[in-house]
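S.K.: Requesting a structural model of the entry that follows:
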Amino acid sequence: MFLLINILGFFVFLGIAFLCSNNRRSINWKSVIVVIVLEIFLAWFFMKFSVGREVIRGAADGFNWLVAVANKGIAFALPDWLKPTTGSPNFVTSALLPILLVVPLFDILTYIGLLPWLVKWIGRGLSFITRQPRFEAFFSIEMMFLGNTEVLAVSRDQLQQMSARRNFTLAMMSMSCVTSAIIGSYIKMVPGQYVLTAIPLNILGAIAIAAILNPVNVSEEEDVIVTIHKNEKREPFFSFLGDSILNAGKLILIITATVIAYVSLAALINQLFSLTGWNWLTLENIFGVILFPFAWLLGFDVHQAFQLAQYMGTKLVTNEFVVMGEVTKNMMAQKGLFANEHARVVLTVFLTSFANFGTVGMIIGAFKGLVSKEKTDFISSRVPQMLLAGILVSLLSAASAGLFAW
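M.R.: This next block holds a predicted model:
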């Protein structure tokens, strides 16, 4: 029964995208169906096929190895921080400080040209298979490695040449990415194999949902790559490496500040709600009610769906780190709701994206510094669709992975 509900949810999420499309007659259903079939195939391959599981497990082990290497540097500078006394992992040392190794590593791979080469050929193959415009395919791969604002920044020349509608497509896709540099942080809090399964599913889901919500016909003349990365003269390696390390440090401070602020603000709002005398009135319960139908459609009974909906809502208003930090102990110990593999898979995949209210501001701010006011205004006037795109991609990815985890 719950499997049938999960399948139903898959079609409901696509149906919502269709109903909210700004040009239903122009949807390229052939391309959308190809992308959706590919997404389901990858979910099956990674979740059920032994080779797929080994690939994902190997990638997760690789990131765990990187984190273990990073711990050597942390142990040298802050040895006492690696010994939590609370019984739970230390959020800063287990999730954030390894970024000081992972970010420079990916930057070095970019500096020597390996990542741009991978993006070029994977993007070209994805465009051929899905029949999507070439730059949109390149963009979906780039944002997996660079992050939403960074990939927009390096695509400035392309954005300026593209129409406002195509810019809006990229804005919607940007809601659903993650950055390779923080995957190591995720897998210290939730199961790594599910995190790494979510990433390709989100890429394909972002292409499909954007193609439904904002279909754009691109002619052969328009379907060109203006630039993938700027051909600027490279700065000296150690100067480049120093900047990379500083940027990693800034990222840690930003995430730490954001998590502390959001958790504190949520606690403050709940304290204010408590003044009403209604003990049930909390942010978690409010979001649980709003998102309950969507959580139920992912294949859960009523009680489990309400619990899941609370986590989903908290993630949308705060960010994925807040929820991962809250569930990590029970998730890793497979207790309570997370004794169910379906719940572990669905929630982990749903959390593995930047889809939240704060990301909207980051994306709009990035576009303001990159394109004309007219294009920025076009995107800014469609913020609800951006949020909807991010939510639907997360739901679609969770539904795809959930089909094969019972």
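S.K.: lowest confidence element among the helices and strands of this structure?
M.R.: Within the chain, no helix or strand scores below helix 91, which has a mean of 63 by mean pLDDT, DSSP states H and E.
S.K.: and the next helix or strand after it, which residues are buried?
M.R.: Downstream of helix 91, the first helix or strand assigned by DSSP states H and E is helix 99-111. Neighbour-count burial for helix 99-111, counted by 16 or more other C-beta atoms under 10 Å, picks out 99-107, 109-111. Using the backbone N, CA and C atoms, a C-beta is placed for each residue, glycine as well.
S.K.: With respect to Cys177, which of those is nearest?
M.R.: Using C-beta to C-beta, Phe106 is the member of these that lies nearest Cys177, at 14.1 Å.
S.K.: Wait, the closest one touches Leu114, no?
M.R.: No. Counting by C-beta atoms under 8 Å, Phe106 sits too far from Leu114 to count as a contact (9.8 Å).
S.K.: Tell me where the stretch 151-300 of the chain has strands.
M.R.: For the stretch 151-300 of the chain, no strands are identified by DSSP state E, counting those that start in this stretch.
S.K.: tell me the contacts of Asn217?
M.R.: The neighbourhood of Asn217, defined by C-beta atoms under 8 Å, 6 or more residues apart in numbering, consists of Ser26.
S.K.: Please state the backbone phi and psi of it?
M.R.: phi -90, psi 120 (degrees, to the nearest 10).
S.K.: So what's the residue count around Phe10?
M.R.: Neighbourhood size, Phe10 [other C-beta atoms under 10 Å]: 23.
S.K.: which element is it on?
M.R.: helix 2-19.
S.K.: Need the pLDDT of the residue of the chain most remote from its centre.
M.R.: The centre of the chain is farthest from one residue, Gly277, which by C-alpha atoms, centre = their mean lies 37.4 Å away. Gly277 carries a pLDDT value of 84.
S.K.: residues contacting it?
M.R.: So Gly277 contacts nothing (C-beta under 8 Å, 6+ apart).
S.K.: any idea how far it is from Ala266?
M.R.: As for Gly277, its distance to Ala266 is 20 Å (criterion: C-beta to C-beta, to the nearest Å).
S.K.: Could I get the contacting residues of the spatially closest residue to Asn340 that is not a sequence neighbour?
M.R.: Spatially, and ignoring its direct neighbours in sequence, Asn340 is nearest to Gln304 (7.2 Å; C-beta to C-beta, 6 or more residues apart in numbering). Residues near Gln304 by C-beta under 8 Å, 6+ apart: 337, 340, 343.
S.K.: cool, and Glu136?
M.R.: For Glu136, the contact set (C-beta under 8 Å, 6+ apart) comprises 127, 166, 169-170, 173, 207, 210.
S.K.: Give me the subset of these that lies in helices.
M.R.: The helices, defined by DSSP state H, take in 127, 166, 169-170, 173, 207, 210 from these.
S.K.: Quick one: these as a markdown table, columns for neighbour count, distance to Gly249 and pLDDT too.
M.R.: Shown next, in a markdown table, are the ones in helices among the contacts of Glu136 (neighbours: other C-beta atoms under 10 Å; distance: C-beta to C-beta, whole Å; pLDDT from 0 to 100):
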| residue | neighbour count | distance to Gly249 | pLDDT |
| --- | --- | --- | --- |
| Ser127 | 20 | 36 | 80 |
| Arg166 | 20 | 35 | 92 |
| Thr169 | 27 | 33 | 94 |
| Leu170 | 26 | 28 | 93 |
| Met173 | 29 | 28 | 92 |
| Ile207 | 29 | 34 | 93 |
| Ala210 | 29 | 33 | 94 |
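S.K.: Let me know the closest of those to Tyr311.
M.R.: Nearest to Tyr311 among these, with distances taken as C-beta to C-beta, is Met173, at 24.1 Å.
S.K.: where's the closest one relative to Phe128, distance?
M.R.: Using C-beta to C-beta, Met173 is found at 18 Å from Phe128.
S.K.: swap in Ile5?
M.R.: 35 Å.
S.K.: Which neighbouring elements make contact with the top helix by length along the chain?
M.R.: The longest helix of the chain (DSSP H) is helix 237-274. If contacts are counted by 3 or more C-beta pairs under 8 Å, 6 or more residues apart in numbering; DSSP states H and E, helix 237-274 sits against helix 99-111, helix 283-296, helix 302-317, helix 320-333.
S.K.: and of those, who's closest to Leu201?
M.R.: Of all the helices and strands packed on helix 237-274, it is helix 320-333 that lies closest to Leu201, at 15.2 Å by C-beta to C-beta.
S.K.: can you pull the buried residues of that closest one?
M.R.: 320-328, 331-332.
S.K.: From the contact count, pick out the helices and strands touching it.
M.R.: On a contact count with 3+ C-beta pairs under 8 Å, 6+ apart, helix 320-333 meets helix 183-186, helix 237-274, helix 302-317, helix 341-351.
S.K.: Distance from the longest one to the middle of the chain?
M.R.: Looking back up the chat, that one is helix 237-274. In terms of C-alpha atoms, centre = their mean, to the nearest Å, the centre of helix 237-274 is set 17 Å apart from its chain centre.
S.K.: swap in stretch 96-113?
M.R.: For stretch 96-113, the distance to the chain centre is 19 Å (C-alpha atoms, centre = their mean).
S.K.: Stretch 15-28 now?
M.R.: For stretch 15-28, the separation from the chain centroid amounts to 23 Å (computed by C-alpha atoms, centre = their mean).
S.K.: Spatially central residue in the protein, please.
M.R.: In the chain, the residue lying closest to the centroid (C-alpha atoms, centre = their mean) is Ser353, at 1.7 Å.
S.K.: I'd like a version of the helices and strands packed on helix 320-333 in CSV, one that adds mean pLDDT and distance to Lys375 as further columns.
M.R.: Below are the helices and strands packed on helix 320-333 laid out as CSV (pLDDT from 0 to 100; distance: least, C-beta to C-beta, whole Å):
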stretch, mean pLDDT, distance to Lys375
helix 183-186, 79, 31
helix 237-274, 82, 26
helix 302-317, 89, 26
helix 341-351, 94, 31
